[in-house]
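In: how would this look folded up:
(one chain, ligands or ions: 2)
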Amino acid sequence: MSELAAKRALRRDVLAARARLTTEDVAKAADALGEHALELPELAEAASVAAYVSIGAEPGTGPLLRALSARGTRVLLPVLLPDNDLDWCAYEGHDALVRAGRGLWEPSGTREGRDAVTRVDAVLLPGLAVDGRGLRLGRGGGSYDRALARIALSGASPARVVLLYDGEIVPRVPDEEHDWAVDAAITPHGVRRFGG
Ligand SMILES: Nc1nc2c(c(=O)[nH]1)N(C=O)[C@@H](CNc1ccc(C(=O)N[C@@H](CCC(=O)O)C(=O)O)cc1)CN2
Ligand SMILES: Nc1ncnc2c1ncn2[C@@H]1O[C@H](COP(=O)(O)OP(=O)(O)OP(=O)(O)O)[C@@H](O)[C@H]1O
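Out: Ligands and ions are numbered 1, 2, ... in the order given. Prediction:
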């Protein structure tokens, strides 16, 4: 199987497993994810964090976004652009989010530009799986690959942390040239660090 076909197959399996979670499973996991994330030193020390607004059965960020905001951390959220790249905009509470395409909720304030992600202290990434090398599988748009490439090019080194369910840390994620590793994964079970 080609790496591309293997990526598709793994995406399909993870999404099928997530589709079996109940609303209660997702809510409980979101609370646990939030607790672990808030204990992470990289996040405790961060003045600004790029995060995402979880949808459906994705690892939930609701409690985490509220807690980060409450403790005074500046939070940036992605706005999906027509070419699948990401712009960034400040989180100003859930009431300020608007419905966007693909089931997403996005901020509607001033857009800070594609490079805004290079100026944060930590990036919380959505994902479908990660392996022991920290290589991450996303939804396939290459949006976060581009954000991570931009960060590397800028010379910045924010903590890069993917949020996942426990079974999504797998032996191996099919990789391609453009894939970038993350530093850690947070699951409802705890924190797993890669490399370094
Ligand atoms: N919450 C969240 N925000 C994100 C991402 C993500 O993965 N999750 N992205 C990561 O790059 C970017 C958006 N890319 C996306 C690409 C595809 C789909 C998607 O396949 N949506 C499904 C519905 C998903 C659901 O309801 O669970 C669809 O369109 O059918 C969503 C976002 C930026 N914002
Ligand atoms: N730095 C980049 N610049 C432009 N396109 C890119 C870049 N990195 C990846 N891509 C493109 O994005 C597409 C999807 O890549 P891939 O399947 O690795 O996405 P993913 O990591 O699963 O998704 P995401 O990064 O959105 O979470 C590929 O067609 C790839 O060519």
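In: Is ligand 1 within reach of the longest strand belonging to the chain?
Out: Criterion DSSP state E: the longest strand present in the chain is strand 74-80. Yes. Using Cβ under 6 Å from any ligand atom, we find that strand 74-80 touches ligand 1 at Pro78, Leu80. The C-beta positions use only the backbone N, C-alpha and C, and glycine is treated the same way.
In: any idea which helix or strand of the chain has the worst average confidence?
Out: helix 41-44 (a mean of 93; mean pLDDT, DSSP states H and E).
In: which other helices and strands contact that one?
Out: If you count contacts as 3 or more Cβ pairs under 8 Å, 6 or more residues apart in numbering; DSSP states H and E, helix 41-44 packs onto strand 159-163.
In: What residues sit buried inside the least confident helix or strand of the chain?
Out: Glu42, Leu43 (16 or more other Cβ atoms under 10 Å).
In: Equivalent analysis for stretch 144-151, please.
Out: Result for stretch 144-151 [16+ other Cβ under 10 Å]: buried residues Tyr144, Asp145, Arg146, Ala147, Leu148, Arg150, Ile151.
In: before we move on, what about stretch 104-118?
Out: Neighbour-count burial for stretch 104-118 [16+ other Cβ under 10 Å]: Leu104, Trp105, Glu106, Pro107, Arg114, Ala116, Val117, Thr118.
In: among those residues, which are in strands?
Out: Those of the buried residues of stretch 104-118 lying in strands (DSSP E): Trp105, Glu106, Pro107.
In: contacting residues for the residue most central in space within the chain?
Out: With distances taken as Cα atoms, centre = their mean, Leu125 lies nearest the centre of the chain, 1.6 Å away. Leu125 is in contact with Tyr52, Arg136, Gly138, Tyr144, Arg160, Val161, Val162, Leu163, Val182, counting by Cβ atoms under 8 Å, 6 or more residues apart in numbering.
In: of those, closest to ligand 1?
Out: Ligand 1 has its nearest neighbour among the contacts of Leu125 in Tyr52, at 4.2 Å by Cβ to the nearest ligand atom.
In: Name the nearest residue to the closest one, ignoring sequence neighbours.
Out: Leaving aside its chain neighbours, Tyr52 sits nearest to Pro126 (5.0 Å; criterion: Cβ to Cβ, 6 or more residues apart in numbering).
In: Tell me where the protein has helices.
Out: Using DSSP state H, the helices of the chain run over 3-19, 23-39, 41-44, 62-70, 143-154.
In: Just want the angle from the last one to strand 74-80.
Out: Orientation of helix 143-154 against strand 74-80 (axes from the mean of the first three to the mean of the last three Cα atoms, to 10 degrees) gives an angle of 120 degrees.
In: And for the first one?
Out: Taking the same axes, to 10 degrees, one finds helix 3-19 and strand 74-80 inclined to each other by 120 degrees.
In: got a list of contacts for stretch 182-190?
Out: 28-29, 32-33, 36-37, 40, 42, 59, 125, 127, 130, 134, 136, 159-166, 168-169, 191-196.
In: Cool, thanks, signing off.
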